[in-house]
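Visitor: build the 3D model from these lines:
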Amino acid sequence: MTVVTGVILARMLSPADFGLVAMALMFIGFIDLIRDLGTGAGIVQADRPSDQLLSSLFWLNLALGIAASALLASLAPAAALLFREPRLTSVLTMLSFSPLFAALSVVQTSVLVRELKFRQLAMAELAGFSLGGVTGIALALRGYGVWSLVYQSVVGTFLISLATWFASRWLPLFVFRFSSVKSLVSFSANLTGFNILNFVIRNADNVLIGRYLGAQSLGLYDLAYRVMLSSLQLVSGAFARALFPIYARLRDDHRRLGAAYLKVTGAVALIAFPVMFGIVGIAEPFVDAAFGPQWAAVVPLLLILAPVGALQAISTTVGNIYQALGRTDLLVRFAAVAGLLSVVAFVIGLQWGIVGVAACYALMQCGLAYSLFKIPLGLIGLQVTAVVQAVGRALLCSLGMLAAVYSVDRLLPDSIDSAARLSVLVLIGVVGYSASTWFFNREGAVELVNLVRQSDA
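Guide: Below is the predicted model of the structure:
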């Protein structure tokens, strides 16, 4: 749904429309981090949360959601001045309803995650997002421009919260006890600190590009980043969300926790690596066929960001180790260092435009890769080499697939249109990766199938 909706709207709207909404969503995302205060993860990590605790957290989140929405609306004029974009005032004012709607379902979502009811949660989120997407497309057809994206976001957030209420069937009591909430303060405070620092890492580039290069450049950069991020969410994001409550239960058995982590990391690599390296192989015909020639500047960004996405796919889940062990303090410290280096990299790259920002970000991520794994894995007695072994065959098979796709692309005639070229290259990639996996990584494929069956059971 993310891909289909994005493709349709990208063909109907301009990069500047997407850039304007990306500016507003930076403020929404930051406020969301403060609004939640890490209470959702705290519920999942807690041993036996009582109804009194859950109800107290519900009313706390509702109050914080109201405050967050009011704060966003009041900051809208200042945000417009920061980006030198007058239209941002009205856009951000309308989007300020999103934190309030999201706050209504924080506890319900956490209850579903804690009880491993991911099927119900997935159906609720799919229903809300689908109807939000339909709203955006319908408005775009009627010529609403940037407001199509705005209403898509607000309507989708509201409907997801509404559907989650029906899915969880948990209702809050009319009770609030601050003494109950205090038990989660330490864990949640550190986690919120990490989320804020992580937000800085992921959005400093958007702020700099939006401020100095404008909405058009930000729209191009944001689309490239969202193509990479959507692929990550489909794989590593889903695994990370599902495995956090399981890791929390294994926190006192480091051997089993380490074995589970390596098994899952290998499974993530088996899916994410061919997707990311496949994007490198098909970037040009994919952008032209899916989004149109007005988005051609996205191609070099995908070539840079997709390999970074492969690294992030297997590094995303290490955060679950910190959280499961209750060591969010270490998570905050590492994020502080990474955040500072990221901002420096973005500032340096800005002088070469959006391509320079992406390139410097990629170099910084590669430089931090070893430390990113070394610290959390050391907490459970694992070496970084164990991760390399877990993902090595998937990496080799993916690189072989990329070589096959590139070779066939060179042989195809220039007269063939982008859609046909894309179809041929995707077919070659799927067949090539499947064949190489069957011969060189069959054990990993079987392990993935067994993991999916176990999770479905």
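Visitor: any chance you could map the helices in the stretch 351-457 of the chain?
Guide: Under the criterion DSSP state H, counting those that start in this stretch, the stretch 351-457 of the chain carries helices at the ranges 353-379, 384-411, 418-440, 442-456.
Visitor: which stretch among the ones you listed comes nearest A238?
Guide: Distance to A238, taken as C-beta to C-beta, is lowest for helix 442-456 among those, at 9.9 Å. C-beta: built from backbone N, CA, C; applies to glycine.
Visitor: so which helix or strand takes in the residue nearest to A124 when sequence neighbours are not counted?
Guide: The shortest distance from A124 to any non-neighbouring residue, by C-beta to C-beta, 6 or more residues apart in numbering, is to A163 (3.7 Å). The secondary structure element spanning A163 is helix 146-168 (assigned by DSSP states H and E).
Visitor: please apply the same query to L82.
Guide: helix 51-83.
Visitor: re earlier: what about the residue nearest to A124, how many neighbours?
Guide: The local packing count at A163 equals 22, with neighbours defined by other C-beta atoms under 10 Å.
Visitor: contacts only, for it.
Guide: A163 makes contact with M123, A124, E125, A127, G128, according to C-beta atoms under 8 Å, 6 or more residues apart in numbering.
Visitor: ok, the second one touching T164?
Guide: Put plainly, it is A124. Yes. Taking contacts as C-beta atoms under 8 Å, A124 lies within contact range of T164: 4.7 Å.
Visitor: just name the closest of the contacts of A163 to R393, please.
Guide: Where the contacts of A163 are concerned, and distances follow C-beta to C-beta, R393 has its nearest neighbour in E125, at 32.7 Å.
Visitor: gap between the residue lying closest to the closest one once chain neighbours are set aside and A297?
Guide: When the adjacent residues along the chain are set aside, E125 lies closest to I160, with 5.3 Å between them (C-beta to C-beta, 6+ apart). As for I160, its distance to A297 is 32 Å (criterion: C-beta to C-beta, to the nearest Å).
Visitor: what does L126 give?
Guide: Spatial separation of L126 from A297 under the definition C-beta to C-beta is 32 Å.
Visitor: more crowded one of the two?
Guide: Neighbour comparison, L126 and A297: the larger count goes to A297, with 19 against 13 (by other C-beta under 10 Å).
Visitor: check which helix or strand the closest residue to V355 other than its chain neighbours maps to.
Guide: In this structure, V355 finds its nearest non-sequential neighbour in P300, 5.4 Å apart by C-beta to C-beta, 6+ apart. Taking DSSP H and E as the criterion, the element that holds P300 is helix 298-315.
Visitor: contacts only, for L382.
Guide: For L382, counting by C-beta under 8 Å, 6+ apart, the contacting residues are G258, Y261, L262.
Visitor: break this structure down into its domains, please.
Guide: The chain breaks down into these structural domains: 1-176, 200-457 (assignment by automatic domain parsing).
Visitor: once you drop chain neighbours, what's closest to M276?
Guide: Here the nearest residue to M276 in space, its sequence neighbours aside, is A310; by C-beta to C-beta, 6+ apart that works out to 4.0 Å.
Visitor: in the longest helix out of those in the chain, what's buried?
Guide: Among the elements of the chain assigned as helix by DSSP state H, the one spanning the most residues is helix 254-290. Using 16 or more other C-beta atoms under 10 Å as the burial criterion, the residues of helix 254-290 that qualify are 257-258, 260-290.
Visitor: now the angle from it to helix 384-411?
Guide: For helix 254-290 and helix 384-411, the angle between their directions (axes from the mean of the first three to the mean of the last three C-alpha atoms, to 10 degrees) works out to 20 degrees.
Visitor: what mean pLDDT does helix 254-290 get?
Guide: When pLDDT is averaged along helix 254-290, the result is 90.
Visitor: just checking, what packs against that helix?
Guide: Contact analysis of helix 254-290 by 3 or more C-beta pairs under 8 Å, 6 or more residues apart in numbering; DSSP states H and E lists helix 214-232, helix 238-249, helix 298-315, helix 318-324, helix 353-379, helix 384-411, helix 418-440, helix 442-456 as its packing neighbours.
Visitor: so D47, which of the three states?
Guide: Taken by DSSP: H, G, I helix; E, B strand; the rest coil, the conformation at D47 corresponds to coil.
Visitor: what's the burial count for D222?
Guide: Taking other C-beta under 10 Å as the neighbour definition, D222 ends up with a count of 27.
Visitor: ok, V181 - contacts?
Guide: Under the criterion of C-beta under 8 Å, 6+ apart, the neighbours of V181 are L53, S56, L57, L60.
Visitor: which of the residues you listed sits closest to P376?
Guide: L57 (26.9 Å).
Visitor: tell me the pLDDT at the closest one?
Guide: At L57, the predicted lDDT confidence score is 88.
Visitor: over to V21?
Guide: According to the prediction, V21 has pLDDT 93.
Visitor: got the angle for the helix holding A163 vs helix 214-232?
Guide: Following the same axes, to 10 degrees, one obtains 30 degrees for the angle between helix 146-168 and helix 214-232.
Visitor: roughly how far is helix 146-168 from the heart of the chain?
Guide: Relative to the centre of its chain, helix 146-168 is centred 18 Å away, using C-alpha atoms, centre = their mean, to the nearest Å.
Visitor: extract the CA atoms of it and return them as PDB.
Guide: Taking Å, rounded to 0.1, in the frame of the first residue of the first chain, the C-alpha atoms of helix 146-168 are listed here in PDB:
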ATOM      1  CA  VAL A 146      -0.500  19.400  -1.300                       C
ATOM      2  CA  TRP A 147      -3.600  19.100   0.700                       C
ATOM      3  CA  SER A 148      -4.100  15.600  -0.700                       C
ATOM      4  CA  LEU A 149      -1.000  14.500   1.300                       C
ATOM      5  CA  VAL A 150      -2.100  16.400   4.400                       C
ATOM      6  CA  TYR A 151      -5.500  14.900   4.600                       C
ATOM      7  CA  GLN A 152      -4.100  11.500   3.800                       C
ATOM      8  CA  SER A 153      -1.800  11.700   6.800                       C
ATOM      9  CA  VAL A 154      -4.500  13.000   9.300                       C
ATOM     10  CA  VAL A 155      -7.300  10.700   8.200                       C
ATOM     11  CA  GLY A 156      -5.000   7.700   8.100                       C
ATOM     12  CA  THR A 157      -3.700   8.400  11.700                       C
ATOM     13  CA  PHE A 158      -7.300   8.800  13.000                       C
ATOM     14  CA  LEU A 159      -8.600   5.600  11.300                       C
ATOM     15  CA  ILE A 160      -5.600   3.500  12.500                       C
ATOM     16  CA  SER A 161      -6.300   4.600  16.100                       C
ATOM     17  CA  LEU A 162      -9.900   3.800  15.700                       C
ATOM     18  CA  ALA A 163      -9.300   0.400  14.200                       C
ATOM     19  CA  THR A 164      -6.700  -0.400  16.900                       C
ATOM     20  CA  TRP A 165      -9.300   0.300  19.600                       C
ATOM     21  CA  PHE A 166     -11.600  -2.400  18.000                       C
ATOM     22  CA  ALA A 167      -8.700  -4.800  17.600                       C
ATOM     23  CA  SER A 168      -7.400  -4.600  21.200                       C
END
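Visitor: next, the buried residues of the helix or strand hosting V134.
Guide: When secondary structure is defined by DSSP H and E, V134 falls within helix 118-141. Under the neighbour-count criterion of 16+ other C-beta under 10 Å, helix 118-141 has 118, 120-121, 124-125, 127-129, 131-133, 135-137, 139-140 buried.
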